[in-house]
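Peer 1: what's the 3D shape of this:
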Amino acid sequence: MPPPAANYDVVCVGGAMTGSSAAYFLSENPDFDGSILVVEPDWSYERAATTRAQNSIREQFSNRLNIELSRFGTEFIASFHDRVQIDGESPELNFRGTGYMFIADTEDTYARLEQESVDQLAAGAEVEMLRPGQIAERYPYMDPDQMVGARVGGAREGSFDGWSFFQGLRNRAIHNGVTYIKDRVVGIDVTGTRVSAVRLESGRRIGCGFAINTAGCRAKLVAAMAGVDLPVEPRARTSFVFDCRTPIDHTVPLTVTPVGVHFRKEQTHYMCGAVPTDDLAVDYEDLDARVDEFEEQIWPTVAKYVPQFDQIGVVTSWGGQYDYNTLDHNLIIGAGSQVENFLFANGFSGHGLQQGPGVGRGLSELITYGEFRTIDLTPLGYSRIERNEPIIENAVI
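Peer 2: Take a look at the predicted model:
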């Protein structure tokens, strides 16, 4: 690629899912005619949360904004080819619409899931409540005696190829004229209440009209360069793939147990994960798999609900990180009061891949029109961080 210009209208600090989504939607917006630069230090994206995620999407959130963001994600996936194609070609997503299942093991939990379903249905999501007898009929591999019921989603929920999803956005953005460079932002110059430039590891200084913090788990470090505190830290998450001696010849939704262990079928194997018992901040470079989680947390839990899972073995595992918002586990989007043209898109806490399209569109609207026009994401803005007022989301995995 040619060397970057001296000035850009928008600079994205990080080029994985969120940075590429912002670049894509800006470059697709007919009302935006500015220049866009994406700065990414690792073009392999090997260490990015995007490439280490489990690549699923759901409508089953308890907060209306999260439901709407993921609903747009499902719409984007459904029309992915038309949106990102270049000369009629696009990456293959291989979407599998299995739905999600949230298990209730007490009547209180069932009542909460049922109450949340009212809001989900009102927002256009496809969900239904099931009691043990209905679960046994639809999912005969499960032990209905271990639950009082469950909430299940429709075929718009499921899993897909996250790498292809990201590559489709990135390639289309480049096709539209977005500049990507392999470099690292090491400083941000603030003049008064505005970012005037970003400084790169290579020694270059790039002037900008807007800077977007799309640095994932390192977002706090980037925010500090602009003199702003961000409550986002890296939390370790390990993904496991296991096989089962007795195959299950039924649809297996992404099943979420009351203790946070989750599993789904992945072709002839099964993918799973859990919230660590000691869920604390880790080093930015720590991508080690926590292999003990499988026998200590996951295996006893999945075998409780699926008797066939009493005989399973790990095929592979890998470590990753959540960019965890310690205030309320929800997205932070938009500018704070200190620096008006420094925009956040951080703290997804595991929802970045599925919410990426909605956030990219929102950032495009905010920069182009000065306001959100499709989904009003204002409640998810940085101002709630300044007020220390969390937004409640019950369905965090």
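Peer 1: For the stretch 151-300 of the chain, which segments count as helices?
Peer 2: 162-175, 219-225, 292-293, 299-305 (DSSP state H, counting those that start in this stretch).
Peer 1: For residue 265, find the nearest of these.
Peer 2: Shortest distance between residue 265 and these, using Cβ to Cβ, is found for helix 299-305: 11.9 Å. Glycine gets a C-beta too; all of them are placed from N, C-alpha and C.
Peer 1: what's in contact with the closest one?
Peer 2: By Cβ atoms under 8 Å, 6 or more residues apart in numbering, the surrounding residues in contact with helix 299-305 are 103, 142-143, 146-147, 255, 257, 259, 261, 263, 272, 274, 309-310, 312.
Peer 1: redo that, cut-off 6 Å
Peer 2: When contacts are defined by Cβ atoms under 6 Å, 6 or more residues apart in numbering, helix 299-305 is touched by residues 142, 146, 257, 259, 261, 263, 309, 310.
Peer 1: What residues of it count as buried?
Peer 2: Residues of helix 299-305 classed as buried: 299, 301, 302, 304, 305 (neighbour count, 16 or more other Cβ atoms under 10 Å).
Peer 1: Now do the same for the following helix or strand past it: mean pLDDT, whole number.
Peer 2: Using DSSP states H and E, the next helix or strand after helix 299-305 towards the C-terminus is strand 312-325. Mean pLDDT, strand 312-325: 96.
Peer 1: ranges for the strands of the stretch 151-300 of the chain?
Peer 2: In the stretch 151-300 of the chain, the strands defined using DSSP state E, counting those that start in this stretch lie at 158-159, 179-182, 185-191, 194-200, 205-213, 232-244, 254-256, 262-266, 269-273.
Peer 1: Show me what the shortest one is packed against.
Peer 2: Looking back up the chat, that one is strand 158-159. Contacts defined by 3 or more Cβ pairs under 6 Å, 6 or more residues apart in numbering; DSSP states H and E place strand 158-159 against no helix or strand at all.
Peer 1: what's the neighbour count on the nearest residue to residue 323 once chain neighbours are set aside?
Peer 2: Spatial nearest neighbour of residue 323, excluding adjacent residues (Cβ to Cβ, 6 or more residues apart in numbering): residue 217 at 4.5 Å. Around residue 217 there are 23 other residues, counting by other Cβ atoms under 10 Å.
Peer 1: and if you look at the one 3 residues further on?
Peer 2: The local packing of residue 220 (other Cβ under 10 Å) involves 22 other residues.
Peer 1: Thought residue 228 was touching it, still the case?
Peer 2: No: contact criterion Cβ atoms under 6 Å: residue 220 and residue 228 do not qualify, at 9.5 Å.
Peer 1: Let me know the average pLDDT across stretch 244-253.
Peer 2: Across stretch 244-253, pLDDT averages out at 93.
Peer 1: Endpoints of it, how far apart?
Peer 2: 16 Å (Cα to Cα, to the nearest Å).
Peer 1: Please list the outside residues in contact with the longest helix that the chain contains.
Peer 2: Longest helix in the chain, counting residues (DSSP state H): helix 352-369. Contact partners of helix 352-369, identified using Cβ under 6 Å, 6+ apart, comprise 17-18, 21-22, 24-26, 29, 31-32, 53, 57, 69-70, 72-73, 76, 162, 210, 345, 372-373, 377.
Peer 1: Reformat the strands of the stretch 151-300 of the chain as CSV; add distance to residue 381 and mean neighbour count.
Peer 2: Converted to CSV, the strands of the stretch 151-300 of the chain look like this (distance: least, Cβ to Cβ, whole Å; neighbours: other Cβ atoms under 10 Å):
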stretch, distance to residue 381, mean neighbour count
strand 158-159, 30, 22
strand 179-182, 28, 18
strand 185-191, 19, 17
strand 194-200, 17, 19
strand 205-213, 13, 23
strand 232-244, 15, 21
strand 254-256, 28, 24
strand 262-266, 30, 22
strand 269-273, 30, 22
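Peer 1: what's the closest of those to residue 323?
Peer 2: strand 232-244 (5.4 Å).
Peer 1: and the closest one, how far from the chain's centre?
Peer 2: 14 Å (Cα atoms, centre = their mean, to the nearest Å).
Peer 1: between it and strand 312-325, what angle do the directions make?
Peer 2: Angle between the axes of strand 232-244 and strand 312-325 is 160 degrees (criterion: axes from the mean of the first three to the mean of the last three Cα atoms, to 10 degrees).
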